[in-house]
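*Asks:* quick one, structure for this:
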Amino acid sequence: MNTSTPIFSNDPSSTAFNSMIGTNTGRKAKLGDPSDMDTGVAAPVKQAHTAVENGMSKITRLAEDETRSTPEKHDAARTVAEQTVATLKSTQSALRFHADQMLSEAQRVVDDRFAPASDGYNAFQQYDVSKWIGEQARKKDGLATIKREMKSDPDIAIALIHGKSYLMGLTHEVRMSLAHEAYRQHMPKEMAKIEKAAKLQELADKYSVAMRSINKGWFNGAMAEKAKSRVTI
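*Replies:* All right, here's what the predicted structure looks like:
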């Protein structure tokens, strides 16, 4: 007699999620690739991979469990899902903590390097630089000149970062674009850290989607609740 009971949801979105996360490639897409990460986050991401892989294996085996009724199978699958989600939640917290720490450290170095003038002489010099930027902005090839000189003169970057767009004859979008280019030119390591931190935050957001999908597609809640009606003799 065949006692196999499908447990994974046959909802199209759940089926697509389970098919993807059931493969190593799919887990890397949904949970991140630990082989391409810093030590601080590689370990918890590996734990998330292992939790999902083991969880899916347990639920697959539950479908063939002859000692449990269908409600009991779904109740057990719910426990597996809860355990898996708990691991993913922990990994998500580690990702966000690491991203915040990395961003804070890099931003502090950048802010110190591009701090506005704090004395009269340098403030006056910064004013002159802002004035020069405004003069160049009115010229046909002015932006090209600003970009060229900015590579070797961080004072131009400071003026762009802390100045006012309308005083320079630039739109806000153009000024900020130039400022970010200056960041990358003068602080490439720190900017790389900031961009990496942003990617970790994006990955952490993916975990929220994965956890919702697991709770939705790894068991039937209504069926699992029926297990509570069992009478203990």
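
*Asks:* hmm, who's touching the helix or strand of the chain with the lowest mean pLDDT?
*Replies:* Of all helical and strand segments in the chain, the minimum by mean pLDDT, DSSP states H and E falls on helix 120-137, at a mean of 79. With C-beta atoms under 8 Å, 6 or more residues apart in numbering as the test, helix 120-137 has contacts from 116-117, 142-143, 145-146, 155-156, 158-160, 162-163, 167-170. The C-beta positions use only the backbone N, C-alpha and C, and glycine is treated the same way.

*Asks:* quick one, which of these are buried?
*Replies:* 117, 142-143, 145-146, 155-156, 158-160, 163, 168, 170 (16 or more other C-beta atoms under 10 Å).

*Asks:* tabulate the residues you listed (TSV), appending distance to residue 233.
*Replies:* As requested, these are arranged in TSV below (distance: C-beta to C-beta, whole Å):
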residue	distance to residue 233
117	83
142	88
143	83
145	89
146	84
155	84
156	83
158	79
159	82
160	78
163	80
168	83
170	81
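
*Asks:* and those as TSV, adding distance to residue 54 and secondary structure?
*Replies:* Converted to TSV, the buried ones among the contacts of helix 120-137 look like this (distance: C-beta to C-beta, whole Å; DSSP: H, G, I helix; E, B strand; the rest coil):
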residue	distance to residue 54	secondary structure
117	58	coil
142	61	helix
143	56	helix
145	60	helix
146	56	helix
155	57	helix
156	55	helix
158	53	helix
159	56	helix
160	52	helix
163	56	coil
168	58	helix
170	56	coil
